[in-house]
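Q: When you get a sec, could you give me coordinates for this:
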Amino acid sequence: MARGDTLWTPNAGRQASAKMSAFRALASKTSGHDIVDTAALWRWSVDHAALFWHMLPGALDLDIQTGQQPNHSGCWQERFFPDGRLSFSGNVLAGDDDAVALIATDETGADVTYTRGDLRHDVASLAAALRELGVQEGDHVGALLPNRAETVIAFLATASLGAVFTSCSPDFGADALVMRFGQTAPKVLFICDGYRFSKRPVAITDPIKQLLDQLPVRPILIGVPVLETEPSVFRDLDALVFNAAVRRGGGALLDHTKRPFDIPLCVVFSSGTTGPPKAIVHGAGGSLLQHAKEHQLHSDIRPGDRVFFHSTAGWMMWNWLVSCLASGASIVLYDGNPVYPEKHSLFALAARYHVTHFGASARFYDMCAKRSVPISELCDLSACRQILSTDNDL
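A: Presented below is the predicted three-dimensional model:
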């Protein structure tokens, strides 16, 4: 097969039912243009960018007050929706109490399931605890945690307060952590006692202590037990235990305050391959709107779907995955070695949880191809409608 050859084309029924097709029909009706196909839709969105972005929140069922049409001059000084307001956490956590929000699992196969009601309760409770600890709008909160439910709860609780979230994977060394958290100087830092990789426990007590010694101000610590039920490192560092923090704020209601469209939501970092990692600030409105566009229009994610993307909490794709909740989907989290105990373990996970959208890095797919992993023979992926990567939709 030559490079550029078409690998697959959806049938007419699937094309007609796609959310992209529904949006194209809406754009045609709204604009008065006859937008005949996806290429024409792209051209229209470029030529009429203000109208495109202005109609997008309603088309994606997002609760965003946009105000006037956006500035789109391309100048970095411009505010995109200058009058826009939204609650990022309110959009992400909307939905029926009993609907599954997330499933978190690891190499052992043990899992935990949160409904949207469960998730709202814990996010609201933790947010109340963070507020009691002094976290205010604009403050920074850090997380040195694996890809677990607690990490998602910490992110959304931070967002609900208008504070700014930064997360790093616990397999980062002390220098890498200092280069990242040293730039954000978090008021509160979520830590864990370690992580498991290929079922091998890896304690991170020393990197945490080295990090704390080099931060300009020592943050308040909240500990998430991973390796032990009651880690001694939490006592040594005077860290509040995560579940105790949630109980402290128990009974609180989720803050749905609508804040400016461009309020900072999170800081992600460049890889550090061309010098020290560079901090990149993502706004709440831009992140939610762009992610929902990618989810619903480009990936055809719908309420009731289950989305998996293999990522640590230190990669920007983790933030992308969490935002899938705003499109009514459930997310599946995995913590561990993607090829343990078998090369097809992630695909077995997708089959077990009836994942509809499966995502991983291009490097992972390249490994599968080079090792000739017979995925279709080993796993029932009949529920999966789309395979995603960071480079292409595959």
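
Q: Show me where the stretch 51-200 of the chain has its strands.
A: Along the stretch 51-200 of the chain, counting by DSSP state E, counting those that start in this stretch, strands occupy 64-65, 85-86, 100-106, 111-115, 140-144, 164-168, 188-192, 194-197, 200-203.

Q: mind listing what the second one pairs with, with the direction of each?
A: Meaning strand 85-86. Applying DSSP bridges, strand 85-86 is found paired with strand 64-65 (antiparallel), strand 259-260 (antiparallel).

Q: With mean neighbour count and mean pLDDT added, can I get these in CSV?
A: C-beta coordinates here come from the backbone N, C-alpha and C atoms, glycine included. Listed next are the strands paired with strand 85-86 as CSV, based on neighbours: other CB atoms under 10 Å; pLDDT from 0 to 100:
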stretch, mean neighbour count, mean pLDDT
strand 64-65, 18, 96
strand 259-260, 18, 97
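
Q: Ok, which of the ones you listed comes nearest residue 35?
A: Proximity to residue 35 (CB to CB) singles out strand 64-65 among these, at 23.2 Å.

Q: what's the distance between the residue nearest to the spatial centre of the chain and residue 99?
A: For the chain, residue 319 is the residue whose C-alpha lies nearest the centre (CA atoms, centre = their mean; 2.4 Å). Distance of residue 319 to residue 99, computed by CB to CB, to the nearest Å: 21 Å.

Q: Tell me how many other residues crowd the nearest residue to residue 390 once chain neighbours are set aside.
A: Excluding the flanking residues, the one nearest residue 390 by CB to CB, 6 or more residues apart in numbering is residue 361, at 5.7 Å. Look at residue 361: counted by other CB atoms under 10 Å, it has 17 neighbours.

Q: ok, now which ones touch residue 182?
A: 214, 215, 216 (CB atoms under 8 Å, 6 or more residues apart in numbering).

Q: out of those, which is most surrounded?
A: Ranked by neighbour count (other CB under 10 Å), those have residue 215 at the top, with 17 neighbours.

Q: Show me the helices in the stretch 51-200 of the chain, by range?
A: 88-92, 116-132, 149-160, 174-184 (DSSP state H, counting those that start in this stretch).

Q: An error on my part: the question was meant for the stretch 201-350 of the chain.
A: 205-214, 232-236, 242-248, 284-293, 316-323, 345-352.

Q: quick one: the first one to strand 140-144, angle?
A: Meaning helix 205-214. Per axes from the mean of the first three to the mean of the last three CA atoms, to 10 degrees, the angle that helix 205-214 makes with strand 140-144 is 160 degrees.

Q: what's the angle between helix 205-214 and helix 174-184?
A: 40 degrees.

Q: Make TSV out of the strands paired with strand 85-86 and add distance to residue 192.
A: Converted to TSV, those look like this (distance: least, CB to CB, whole Å):
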stretch	distance to residue 192
strand 64-65	34
strand 259-260	29
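
Q: Out of the ones you listed, which gets nearest to residue 326?
A: Closest to residue 326 of these is strand 64-65 (CB to CB; 10.4 Å).

Q: So, low pLDDT: which residues of the stretch 51-200 of the chain?
A: Within the stretch 51-200 of the chain, the segments meeting pLDDT under 70 span 72-77.

Q: Out of the helices of the stretch 51-200 of the chain, flag the one nearest residue 237.
A: Smallest distance to residue 237 across those (CB to CB): 14.6 Å, for helix 174-184.

Q: what's in contact with stretch 351-369?
A: Contacts of stretch 351-369 (CB under 8 Å, 6+ apart): 103, 105, 299, 301, 305-310, 317, 321, 329, 332, 338-339, 343-344, 346-347, 349-350, 375, 379-381, 383-392, 394.

Q: still on that earlier bit, Serialize the helices of the stretch 201-350 of the chain to a markdown table and add fields for mean pLDDT and distance to residue 53.
A: Output for the helices of the stretch 201-350 of the chain, formatted as a markdown table (pLDDT from 0 to 100; distance: least, CB to CB, whole Å):
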| stretch | mean pLDDT | distance to residue 53 |
| --- | --- | --- |
| helix 205-214 | 98 | 40 |
| helix 232-236 | 97 | 45 |
| helix 242-248 | 97 | 37 |
| helix 284-293 | 98 | 8 |
| helix 316-323 | 97 | 17 |
| helix 345-352 | 96 | 33 |
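
Q: Pipe these into a markdown table and attach distance to residue 39 per row.
A: Formatted as a markdown table, the helices of the stretch 201-350 of the chain follow (distance: least, CB to CB, whole Å):
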| stretch | distance to residue 39 |
| --- | --- |
| helix 205-214 | 49 |
| helix 232-236 | 56 |
| helix 242-248 | 49 |
| helix 284-293 | 17 |
| helix 316-323 | 25 |
| helix 345-352 | 31 |
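
Q: Which among those is found nearest to residue 155?
A: Nearest to residue 155, of all these, is helix 316-323, at 6.3 Å by CB to CB.

Q: between the closest one and helix 284-293, how many degrees?
A: Using the same axes, to 10 degrees: helix 316-323 against helix 284-293 is 80 degrees.

Q: Helix 316-323 - contacts with which helices or strands?
A: Using 3 or more CB pairs under 8 Å, 6 or more residues apart in numbering; DSSP states H and E, the elements in contact with helix 316-323 are helix 149-160, strand 264-269, helix 284-293, strand 306-309, strand 330-335.

Q: among those, which is nearest residue 91?
A: Ranking the helices and strands packed on helix 316-323 by distance to residue 91, with CB to CB as the measure, places helix 284-293 first at 5.9 Å.

Q: Of all the residues in the closest one, which ones are buried?
A: 284, 285, 287, 288, 289, 290, 291, 292, 293 (16 or more other CB atoms under 10 Å).
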